[in-house]
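K.L.:
Need the 3D shape of this:
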Amino acid sequence: MSKDAKLPQMTLRYSGIFDWDGLYAAIIDWAKLHSYKWTEKAYKHKVPSPAGAEEEIEWVLETKATEYLKYHITINVHTWDMIDVDVDVNGKKRTLTSARVYIIIDAKLEYDWQNRFLGSKFLQNLADKYFFISGSVYHWDTLYYRVWGLHGMVKKYFDMQSKNNHYKKYLGEN
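P.N.:
Numbers count the residues shown, from 1 in each chain. Here you go, the predicted model:
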C-alpha cells in the first residue's frame, strides 16, 4: 500500500487586474490560520517580454494531523503577461497587477510519516489497519474540504464567486 492518499487536483484560472501581494499574503494567512507550515519551494521569474513577465511559483503547506498522519498541500502558480498597472481606488493611486493566472492545488494525506512501521510485513499490515482505524476517512474528508475552502478563498479574492464558503460549517469553522 502506498504511504499517501492523494486527493483530486483543483485548478483555477483568472485573467485580469488583482493585488498580487495581497493574494500572496492571503494564502500565507490562510496557512497560518489552519496551522500549516508554509514553504516557498520554487520561484522562477522570466525576463519580461513586451507583453509582460512570466512567473512560476510552488508553495508547499504541511501540518501534522496526528503522530501518524500528515497533511500536504502543494500550490503551483503560473502567471503570464504580468505587468504593474496604476489604478485609482477611492481617490488613491494603487499599483496592482494585470496578468493571466493558472493555479493548481494538489493535496495528499501521508501516513506513517515517521516511518515507524517500516520493516516486516506484519508491521506494514498493522500500519494499514491502523491507518483505516485511526480515521483515514475522517482525515481525508477534513483535508478535502479544507482544500476546497482554500480554493474558495482564492476565488473570493479574485471576486469569482459568492462571498460564502459552503464548506465552513462542515468543518465547524466560522
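K.L.:
When you work out contacts or count neighbours from here on, use the C-alpha atoms and nothing else.
P.N.:
Will do.
K.L.:
shaky segments in this structure?
P.N.:
Scanning the chain for pLDDT under 70 picks out 1-2, 117-119, 128, 130-136, 161-174.
K.L.:
ranges for the strands of it?
P.N.:
Secondary structure of the chain (DSSP state E): strands at 4-6, 10-18, 37-49, 52-64, 69-89, 92-111.
K.L.:
just checking, what packs against the fourth one?
P.N.:
In terms of contacts (3 or more CA pairs under 8 Å, 6 or more residues apart in numbering; DSSP states H and E), strand 52-64 is packed against strand 37-49, strand 69-89.
K.L.:
Now do the first one and strand 52-64, the angle between them.
P.N.:
With axes from the mean of the first three to the mean of the last three CA atoms, to 10 degrees applied, the angle from strand 37-49 to strand 52-64 works out at 170 degrees.
K.L.:
Which elements pack onto strand 37-49?
P.N.:
Looks like strand 37-49 contacts helix 20-33, strand 52-64 (3+ CA pairs under 8 Å, 6+ apart).
K.L.:
if we can go back for a sec, can you put the strands of the chain in a markdown table and add mean neighbour count and distance to Gly152?
P.N.:
Below are the strands of the chain laid out as a markdown table (neighbours: other CA atoms under 10 Å; distance: least, CA to CA, whole Å):
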| stretch | mean neighbour count | distance to Gly152 |
| --- | --- | --- |
| strand 4-6 | 15 | 20 |
| strand 10-18 | 15 | 10 |
| strand 37-49 | 12 | 19 |
| strand 52-64 | 18 | 17 |
| strand 69-89 | 18 | 14 |
| strand 92-111 | 18 | 12 |
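K.L.:
Can you report phi and psi for the residue nearest to Asp112 when sequence neighbours are not counted?
P.N.:
Spatial nearest neighbour of Asp112, chain neighbours left out: Tyr68 (5.0 Å); criterion: CA to CA, 6 or more residues apart in numbering. Main-chain dihedrals, Tyr68, degrees, to the nearest 10: phi -110, psi -30.
K.L.:
related to what we said a few turns ago, do you know which of the helices and strands packed on strand 52-64 lies nearest Asp4?
P.N.:
Proximity to Asp4 (CA to CA) singles out strand 69-89 among those, at 9.2 Å.
K.L.:
Return the angle between stretch directions for the closest one and strand 92-111.
P.N.:
Interaxial angle, strand 69-89 versus strand 92-111 (the same axes, to 10 degrees): 170 degrees.
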